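In: Here's my sequence, what's the structure:
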Amino acid sequence: MAVLIDENTRMLIQGITGRFGQGVARRMLEVGSKVVAGVTPGRGGQSVWGVPVYDTVQEALEAVGSVDAAVTVVPGPDAKVAVLEAFKAGIKTVLMRVERVPLHDALWVISHAKKYGIRVIGPGSAGVVSPGKASLGGLGGFIGSSDLPRIAFKPGRIGVISRSGGQVSTLGWVVSSAGFGISTAVHLGSESVLGTTLAELLPLFQEDEGTDGVVYFGEIGTFMEEEAGEVVSAGGYRKPLVAYIAGKGLPSGLRFSHASAIVEGGRGTAEGKIEALKAVGAHVVDRPEDIGPLLQKVFEK
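Out: Got it, this is the predicted structure:
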């Protein structure tokens, strides 16, 4: 089994004809995703890697039938309009594979999504991959002759959640090198506000019979780990959780990596996150390379 997507998920890509969109489409197809349509206004009638292109999302659905998930690959200032189009068409999962979305637009999109029961992943998410089944956004797809995706994203029973897009591959490699594989890997996104958080994903992995535990990469800033601790404390997630938090010891006011990774007023520190996770029984490591050996210890039991 898998979380969020599987081999039966029917997908659509908004912005598929741009250079970046074409690359996303290719990687999604290489993993095995069912990409049934692409949308770019004014480019209807074209095709990208064999995927038919339509002028609007509604036209695409009328031609190919139902779509379960959309990937939005458009410039940040245009993202709100594109996502709203997917919402209106009834698509229930939308991955915003786009950065630099204006804050007001991102807040509007997330508020609208929660109101109407639509799951938004991102903004700034590199994607979701269930190895051997599907990729939403191209995560885990092959790039040239690189063997990294094949090594880092082997099918298995460990979930991966990361605040950093690059570290999704690192975690996947560490997990797979330790003799495990990945059920589903999710990049939450790099923007200051996100549609889906760690606390919202953990219960999904708890319900997934194909996941035995979760590995998490976090950063300073925001309160996702504290919220996740509340979920675990309430019984919403009961499987092993192994975590690494980057940015330990950084002073207040110093920005680290992503837009939201900043400690302000003593809040959002790595130390606070580590304490919150340890308090509910999570295994928190000091270095990413410690994750593999710890997983082996946890599952030896």
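In: any idea how far the residue in the chain sticking out farthest from the centre is from Ala63?
Out: Of all residues in the chain, Gly45 has its C-alpha farthest from the mean position, at 30.7 Å, by C-alpha atoms, centre = their mean. Per C-beta to C-beta, to the nearest Å, Gly45 is found 11 Å from Ala63. Any C-beta I mention is one placed from the backbone N, CA and C, and that applies to glycine too.
In: What's the first helix or strand after the helix or strand that contains Val81?
Out: Following DSSP states H and E, one finds Val81 within helix 79-88. Note on helix 79-88: by DSSP H and E, the next helix or strand toward the C-terminus is strand 93-96.
In: Which strands and helices lie in contact with that following strand?
Out: Strand 93-96 sits against strand 69-72, helix 79-88, strand 119-121, with contacts defined as 3 or more C-beta pairs under 8 Å, 6 or more residues apart in numbering; DSSP states H and E.
In: can you put those in JSON lines and add distance to Met224, mean neighbour count and mean pLDDT?
Out: Shown next, in JSON lines, are the helices and strands packed on strand 93-96 (distance: least, C-beta to C-beta, whole Å; neighbours: other C-beta atoms under 10 Å; pLDDT from 0 to 100):
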{"stretch": "strand 69-72", "distance to Met224": "22", "mean neighbour count": "29", "mean pLDDT": "98"}
{"stretch": "helix 79-88", "distance to Met224": "22", "mean neighbour count": "20", "mean pLDDT": "96"}
{"stretch": "strand 119-121", "distance to Met224": "14", "mean neighbour count": "23", "mean pLDDT": "98"}
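In: Among those, which comes closest to Gly137?
Out: strand 69-72 (5.3 Å; C-beta to C-beta).
In: Only C-alpha atoms, please: export the closest one in CSV.
Out: Output in CSV follows, covering the C-alpha atoms of strand 69-72 (Å, rounded to 0.1, in the frame of the first residue of the first chain):
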residue,chain,number,x,y,z
ALA,A,69,-4.4,14.6,-8.4
ALA,A,70,-2.9,17.6,-10.1
VAL,A,71,0.6,19.0,-10.2
THR,A,72,0.9,22.8,-10.6
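In: Can you tell me what sits against that strand?
Out: 5, 9-15, 24, 28, 57, 79, 82-83, 86, 91-98, 127, 136-137 (C-beta atoms under 8 Å, 6 or more residues apart in numbering).
In: Mind doing that once more with 7 Å?
Out: Contact with strand 69-72 is made by 5, 9, 11-15, 24, 79, 82-83, 86, 91, 93-98, 136-137, as judged by C-beta atoms under 7 Å, 6 or more residues apart in numbering.
In: next one: stretch 36-48
Out: Counting by C-beta under 7 Å, 6+ apart, stretch 36-48 makes contact with 10-17, 22, 25, 51-57, 59-60, 64, 67, all of which sit outside it.
In: May I see the buried residues of that stretch?
Out: 36-40, 43-44, 48 (16 or more other C-beta atoms under 10 Å).
In: what two of the residues you listed have the greatest distance between them?
Out: Greatest spatial distance among those (C-beta to C-beta): Val36 and Arg43, at 16.4 Å.
In: follow-up on the earlier one: which residues touch the helix holding Val81?
Out: 14, 56-57, 70, 72, 74, 94, 96, 98, 101, 105, 108-109, 112, 116, 118, 123.
In: Go through the residues you listed and flag which are in strands.
Out: Under the assignment DSSP state E, the contacts of helix 79-88 contribute 14, 70, 72, 94, 96 to strands.
In: ok, back up a step: out of the contacts of stretch 36-48, list just those in strands.
Out: 10-14, 51-54.
In: My read is that Glu226 contacts Leu277, right?
Out: No - the pair Glu226 and Leu277 fails to qualify as a contact (C-beta atoms under 7 Å) at a distance of 8.8 Å.
In: Same drill for the two, tell me which one is more crowded.
Out: More crowded of Glu226 and Leu277, by other C-beta atoms under 10 Å: Leu277, with 24 against 18.
In: model confidence over the helix or strand in which the more buried one is found, on average?
Out: Using DSSP H and E, Leu277 sits within helix 270-279. Here helix 270-279 scores 91 as its mean pLDDT.
In: now for it, which elements pack on it?
Out: Secondary-structure packing of helix 270-279 (3 or more C-beta pairs under 7 Å, 6 or more residues apart in numbering; DSSP states H and E): helix 224-233, strand 241-246, strand 283-284.
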